[in-house]
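**Student:** I would like the atomic coordinates for the input below:
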Amino acid sequence: MILRYGRHAVQRMFERRITQADVQGALSAGRVIEDYPTDYPLPSRLWLGYAGKRPLHVVYADTIQGERIIITVYEPDPAQWSPDFTTRIAP
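**Tutor:** Coordinates of the predicted model:
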């Protein structure tokens, strides 16, 4: 899978001190926790994976050309997510 990083993703990764190696590690094992089929221009997904012990949420879209476009990456806020970081906590 070829990873392509969008401008927003690169900016947020820099601000959050998340490296490409962190993203690759998170994507190597984990799972989809939300689907966004109506996202435009491509449907996207929210993935939970780990870079070492650090949980990361990766929002990405897959293209028909076999590329995975990384839209954004962040460390989930424990106040907004369940303890396993898979379910949003209602406000």
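**Student:** show me where this structure has its helices.
**Tutor:** 7-16, 20-28 (DSSP state H).
**Student:** residues in contact with the shortest one?
**Tutor:** The set of residues that contact helix 20-28 without belonging to it, under C-beta atoms under 8 Å, 6 or more residues apart in numbering, is 3, 5, 13, 47-52, 54, 56, 58, 60, 68, 70, 73. Just so you know, the C-beta spots here come from the backbone N, C-alpha and C atoms, and that holds for glycine as well.
**Student:** in strands, which of these appear?
**Tutor:** Of these, the ones assigned to strands by DSSP state E are 3, 5, 47-51, 54, 56, 58, 60, 68, 70, 73.
**Student:** any buried residues in stretch 14-28, and which?
**Tutor:** Using 16 or more other C-beta atoms under 10 Å as the test for burial, stretch 14-28 gives Ile18, Asp22, Val23, Gly25, Ala26, Leu27.
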